[in-house]
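Asks: pasting the sequence and the predicted coordinates here, then a few questions.
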Amino acid sequence: MDHVTGVVVGVDIGNSTTEVCVARIASDGSIDFFGSALTPTTGVKGTIKNSKGVVEAVCRSLRDARIPLSEVEAVLVNEATPVISGLAMETITETIITESTMIGHDPRTPSGCGLGMGVTTRVDDLDEVAVDAAVVVVVPAGRDFEDTAASIRAAQARGVDVQAAILCSDDAVLVTNRLLHSIPVVDEVSRIEAVPVGMLAAVEVAAPGRNIRTLSNAYGLATLFDLDPDETRMVSPVARALTGNRSAVVVRTPAGDVTDRSIPAGSLELIGEKKRITIDVGTGADAIMEAVNRVAPLSDAIGESGTNAGGMIANVRHSMAELSNQSTDDVHIRDLLAVDTTIPQEVRGGLAGEVALENAVALAAMVRTKDSGMQQVADAIQRNLTDVGGENLRVIIGGVEAEMATRGALTTPGTDKPLVVLDLGGGSTDAALIEMSGDITATHMAGAGDLVTKLISSELGIDNIEVAEEIKRCPLAKAESFYHIRLEDGTVQFFTKPLPTNTFARVVTLSESGLEPIATRHSLDKIRDVRRSAKHRVFVVNALRSLATVSPNRDLRQVGFVVLLGGCALDFEIPDMIADALAPYGIVCGTGNVRGTEGPRNAVASGLIAGHVESFRSEALTVPEAANA
Ligand code: ADP
Ligand code: MG
């Protein structure tokens with residue numbers, strides 16, 4: 001191309017989003033931006049499948065700008081850094097009940113209130129129990145609640161001290177309503193047949209809105225069951241596992257036990273350019289991240305084969321190789337982010353589907369593949385755009401991503417060099433520093449928005465990733481009546497029309513489409529805590545890590561401005577969390593506003609167009625100079 005005037009389109013293909021913008025360049029080199037568009041990236045970044053999304057976004061932005069495709073001279077795509085990210089998660093602890101000793105679940109409707117203690121006795125055997133004996137009645141499946149209540153009443157009339165009951169069915173309230181005086185009743189115990197009979201047991205039910213206090217306290221158990229210090233040590237995992245429940249049963253069996261087992265997680269070998277460190281995954285995220293930091297820059301990581309760590313790393317490597325169509329030998333792990341997490345998992349050996357929060361480590365890995373194959377993508381875009389009428393255009397691969405991003409970020413009003421761009425994307429957190437001299441240093445860190453969503457979904461036990469995404473993006477509220485909700489900051493919002501019935505008494509997200517109820521029994525506060533802490537564990541950690549990597553002498557004080565870009569810079573709380581973390585370094589940090597209009601979007605696409613014009617300018621300058629020499 002021998003002139004620079006005309007319509008050009010800048011395209012940024014990200015892991016999650018493809019962004020484009022359209023501009024007309026005048027003969028004096030001034031740029032007039034017309035419009036922009038974004039669409040989800042089709043296929044893995046850097047593969048020809050991207051073309052579909054690019055064509056769609058290009059056509060959409062041109063339509064909005066009312067410019068026919070035939071007028072476009074050039075489509076500029078970035079030389080995408082060949083980095084992609086993967087995620088894996090492994091539990092490192094497991095709770096196992098051997099010989100049933102514990103039922104600690106949260107049936108929706110336990111009944112009665114208080115603590116009862118006695119010998120476990122089948123409801124059918126109540127007739128044979130001695131007068132004055134203290135019993136806990138065990139009621140099998142299929143037993144009618146009228147019958148059950150009648151048997152208990154008869155026993156009580158005879159003088160048997162019925163202290164509590166354990167039911168298989170969901171009838172606790174129905175049974176207690178038919179008794180002369182209320183006893184604690186735990187229901188929905190699915191494996192009732194496994195409850196040992198003839199053993200001393202304690203049943204505790206807390207009042208609505210409260211948690212049990214005695215069975216979740218190791219010394220409470222010791223007091224009830226007369227345990228010595230060694231035995232108390234043995235049962236302390238029982239107490240921990242029952243914490244936070246509204247009701248629980250503990251049966252003392254001679255050999256019964258609950259154990260917290262740590263699953264041998266295996267080790268990671270981190271291969272740095274100068275050092276190698278082997279670290280046990282079971283030591284947790286902090287220790288792993290310290291090791292990653294010590295070997296930096298990382299050139300690869302290997303997990304011990306035959307262990308969870310080995311499996312995790314192999315999975316990431318394998319799926320990345322598959323996605324990018326390369327051999328696993330060409331896939332190298334260049335960054336790792338380890339995050340401590342918990343996963344609610346059914347207790348092995350439990351009687352009522354009990355769930356324990358198991359410890360886990362989540363790993364996000366950034367892999368660098370052999371080459372970007374961008375030319376193929378450009379060719380595909382050229383073909384597909386020509387097919388729909390772009391007969392005069394050329395697709396040009398231009399500019400390094402980091403350079404374009406900083407150029408775009410600098411169009412944010414109020415910014416200046418030295419400046420760091422923090423691009424908070426889906427798979428990775430990318431940072432680039434532009435110094436006063438114009439020199440650029442860039443880094444790509446594993447872990448970003450997708451990891452936050454994954455942590456939210458696994459920690460809250462929500463298997464629907466769209467729901468988790470919604471929880472990540474939207475503030476919460478609770479519908480307290482048909483006409484008002486309480487927002488998570490404690491304020492109340494009133495409505496003149498009744499709220500949808502499906503939201504009543506539920507925790508909801510304030511989504512764009514209105515109030516969305518969340519299908520979970522977690523409280524608003526719990527959901528909020530998980531959401532905020534997941535964002536903190538990923539983005540605050542990565543912001544500090546990436547800033548240290550690009551800062552001169554790893555000194556954050558030398559950075560003047562930090563501009564947040566990317567989808568997660570649109571989040572309602574992530575930018576504030578990062579700004580708070582950076583405040584001590586005297587850094588100006590805020591969400592970018594590219595070209596003063598685009599918010600944190602479109603930096604690379606806009607930067608590509610500016611870079612395109614600049615490259616012509618500098619050519620115009622250098623050519624005559626060369627001729628003079
Ligand atoms: P990439 O550059 O990797 O293609 P993006 O910059 O599009 O990625 O960022 C994608 C991430 O941004 C996803 O994790 C997504 O959940 C998040 N995201 C997108 N829009 C919003 C929003 N409005 N609020 C919060 N997060 C958002
Ligand atoms: Mg991006």
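Replies: Looks like it came in fine. Ligands and ions are numbered 1, 2, ... in the order given.

Asks: domains in this structure, as residue ranges please.
Replies: In terms of domains, the chain is parsed into 85-93+262-369, 101-256, 462-519 (source: automatic domain parsing).

Asks: what about the last one, start to end distance?
Replies: With CA to CA, to the nearest Å as the measure, the first residue of domain 462-519 is 8 Å from its last.

Asks: do it and ligand 1 meet at all?
Replies: Yes. Legend: contact between domain 462-519 and ligand 1 by CB under 6 Å from any ligand atom is shown at 469, 473. Backbone N, C-alpha and C define where each C-beta goes, glycine included.

Asks: how distant is that domain from the center of its chain?
Replies: For domain 462-519, the distance from its own C-alpha centre to the chain's C-alpha centre is 20 Å (CA atoms, centre = their mean, to the nearest Å).

Asks: swap in stretch 538-556?
Replies: Its chain's C-alpha centre lies 21 Å from the corresponding centre of stretch 538-556 when counted by CA atoms, centre = their mean.

Asks: in that stretch, which residues are buried?
Replies: Buried positions in stretch 538-556, judged by neighbour count with 16 or more other CB atoms under 10 Å: 538-543, 545-551, 556.

Asks: format the domains of the chain as JSON lines; extra columns: mean neighbour count, mean pLDDT and distance to residue 412.
Replies: Converted to JSON lines, these look like this (neighbours: other CB atoms under 10 Å; pLDDT from 0 to 100; distance: least, CB to CB, whole Å):
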{"stretch": "domain 85-93+262-369", "mean neighbour count": "19", "mean pLDDT": "85", "distance to residue 412": "26"}
{"stretch": "domain 101-256", "mean neighbour count": "19", "mean pLDDT": "90", "distance to residue 412": "46"}
{"stretch": "domain 462-519", "mean neighbour count": "15", "mean pLDDT": "94", "distance to residue 412": "23"}
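
Asks: any chance of CSV for those domains, columns distance to ligand 2?
Replies: CSV is the format used below for the domains of the chain (distance: least, CB to the ion, whole Å):
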stretch, distance to ligand 2
domain 85-93+262-369, 12
domain 101-256, 40
domain 462-519, 17
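
Asks: what average pLDDT does stretch 587-595 get?
Replies: Within the predicted structure, the mean pLDDT of stretch 587-595 is 96.

Asks: residue 306 - that's part of a strand, no?
Replies: No. Residue assignment for residue 306, taken from DSSP: H, G, I helix; E, B strand; the rest coil, gives coil, which places it outside any strand.

Asks: skipping adjacent residues, who's closest to it in space?
Replies: Computed as CB to CB, 6 or more residues apart in numbering, the closest residue to residue 306 that is not its neighbour in sequence is residue 266, at 7.4 Å.

Asks: wait, what's in contact with that neighbour?
Replies: Contact partners of residue 266, counting by CB atoms under 8 Å, 6 or more residues apart in numbering, are 280-281, 303-304, 306-310.

Asks: and with 6 Å instead?
Replies: Applying CB atoms under 6 Å, 6 or more residues apart in numbering, we find residue 266 in contact with 281, 304, 307-310.

Asks: quick one, phi/psi of residue 607?
Replies: The phi and psi values for residue 607, taken as degrees, to the nearest 10, are phi -60, psi -30.

Asks: and it, how many neighbours?
Replies: Applying the criterion other CB atoms under 10 Å, we find 31 residues in the vicinity of residue 607.

Asks: partners of the strand or helix carrying residue 74 in the sheet?
Replies: Counting by DSSP states H and E, the element that carries residue 74 is strand 72-79. In the sheet, strand 72-79 lines up against strand 6-13 (parallel), strand 394-400 (parallel) (DSSP bridges).

Asks: which residues touch the residue in the chain that ligand 2 sits nearest to?
Replies: For the chain, the residue closest to ligand 2 is residue 14, as judged by CB to the ion, at 3.3 Å. Shown here is residue 14, whose contacts under the criterion CB under 6 Å, 6+ apart are 41, 425.

Asks: distance of it relative to residue 428?
Replies: Shown here: residue 14 relative to residue 428, a distance of 9 Å by CB to CB, to the nearest Å.

Asks: identify the residues contacting stretch 59-77?
Replies: 6-11, 20, 22, 34-37, 378, 389-390, 393-398, 608, 612.

Asks: give me the buried subset of those.
Replies: Burial by neighbour count, 16+ other CB under 10 Å: within the contacts of stretch 59-77 this picks out 6-11, 20, 22, 34-37, 378, 390, 393, 395-396, 398, 608, 612.

Asks: name the residues of the stretch 501-629 of the chain found near ligand 1, please.
Replies: Taking CB under 6 Å from any ligand atom as the criterion, the neighbours of ligand 1 within the stretch 501-629 of the chain are 566-568, 570-571.

Asks: next one: the chain
Replies: Where proximity means CB under 6 Å from any ligand atom, the interface of the chain facing ligand 1 comprises 14-17, 41, 425-427, 449-450, 469, 473, 566-568, 570-571.

Asks: quick one on the thing from earlier: pick out the shakiest of the strands paired with strand 72-79, pLDDT-wise.
Replies: strand 394-400 (a mean of 87).

Asks: other residues contacting the helix or strand following that strand?
Replies: For strand 394-400, the following helix or strand on the C-terminal side (DSSP H and E) is helix 401-409. Contact partners of helix 401-409, identified using CB under 6 Å, 6+ apart, comprise 78, 81, 421, 432, 434, 440, 442, 563, 592, 594, 603-604, 606-608, 610-611.

Asks: which of the three states applies to the closest residue to ligand 1 within the stretch 101-250 of the chain?
Replies: Of all residues in the stretch 101-250 of the chain, residue 244 sits closest to ligand 1, at 29.7 Å by CB to the nearest ligand atom. When classified by three-state DSSP, residue 244 comes out as coil.

Asks: residues contacting it?
Replies: For residue 244, the contacting residues are residue 211, taking CB under 6 Å, 6+ apart as the criterion.

Asks: could you check how far it is from residue 217?
Replies: As judged by CB to CB, residue 244 and residue 217 stand 12 Å apart.
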